[in-house]
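> Build me a model:
(one chain, ligands or ions: 1)
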Amino acid sequence: MKIVSGVLLVIVLLAGALWWVSDMAPAEPIEIENPRVRLVPGGAPMAGYFSITNHTDAPIRLVSAASDAFGHVMIHRTVVTDGGARMEHQDQGVLVGAGETVAFEPKGLHLMLMRAQRELEVGDAVDVVFGFEGVEPAEYRVTFTVVPVTSS
Ligand SMILES: [Cu+2]
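Reported below is the predicted structural model:
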């Protein structure tokens, strides 16, 4: 009898611990990792890369990006065809499924940051405000680091 109640106590404690852990994480519904902008001097457009993880249990959509450091920001995807590579504006935004991660990376999805408002250098920080549908809050401010154009 004593053993049974001891086992029961352990089970109750474990369940409590599991509930506590699942209640703790994740802190943020959206996680953006390794945000970086490849420096291109001379006023040419620059590409921004990062990965985005949706920690909610419903799909979300990245619909906009803006930055005080640039005159215009677009969401692009590089599409490679027989004739070469071209960039397509993602006018429907980018869907991130529940629990999924989408990578913005070279030769794929990227932010196209146009008309830098000041001369940038490697190591500078640039804020980008992302707009989302399907999650609250709908706006996320993310600090990108300016990296050499040769970095991945
Ligand atoms: Cu582009």
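> residues contacting Ala138?
Going by Cβ atoms under 8 Å, 6 or more residues apart in numbering, Ala138 touches 131-132. Where C-beta positions appear, they are placed from N, C-alpha and C, glycine not excepted.
> For the ion, see how far away it is.
According to Cβ to the ion, to the nearest Å, Ala138 and the ion sit 24 Å apart.
> so how far is Pro29 from that residue?
11 Å (Cβ to Cβ, to the nearest Å).
> cool, Val102 as well?
15 Å.
> I would like the residues contacting stretch 54-68, please.
26, 28-31, 48, 52, 73-75, 92-101, 111, 113, 117, 126-135.
> Now that stretch - C-alpha only, PDB.
Coordinates of each C-alpha in stretch 54-68 appear next as PDB, following Å, rounded to 0.1, in the frame of the first residue of the first chain:
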ATOM      1  CA  ASN A  54       6.200  29.800 -36.100                       C
ATOM      2  CA  HIS A  55       5.700  28.500 -32.600                       C
ATOM      3  CA  THR A  56       1.900  28.800 -32.700                       C
ATOM      4  CA  ASP A  57      -0.500  26.000 -33.600                       C
ATOM      5  CA  ALA A  58      -1.900  27.900 -36.600                       C
ATOM      6  CA  PRO A  59      -0.300  29.100 -39.900                       C
ATOM      7  CA  ILE A  60       0.900  32.700 -40.000                       C
ATOM      8  CA  ARG A  61       1.800  34.900 -43.000                       C
ATOM      9  CA  LEU A  62       4.600  37.400 -43.300                       C
ATOM     10  CA  VAL A  63       3.100  40.100 -45.300                       C
ATOM     11  CA  SER A  64       5.300  43.200 -45.000                       C
ATOM     12  CA  ALA A  65       8.700  44.500 -44.100                       C
ATOM     13  CA  ALA A  66       9.900  48.000 -43.700                       C
ATOM     14  CA  SER A  67      13.000  49.800 -42.400                       C
ATOM     15  CA  ASP A  68      13.800  53.400 -41.500                       C
END
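> can you tell if that stretch touches the ion?
No: applying Cβ under 5 Å from the ion, one finds stretch 54-68 out of contact with the ion, separated by at least 12.0 Å.
> pLDDT score assigned to the residue most central in space within the chain?
Per Cα atoms, centre = their mean, the C-alpha nearest to the average position across the chain is that of Ile52, at 2.8 Å. The per-residue pLDDT reported for Ile52 equals 98.
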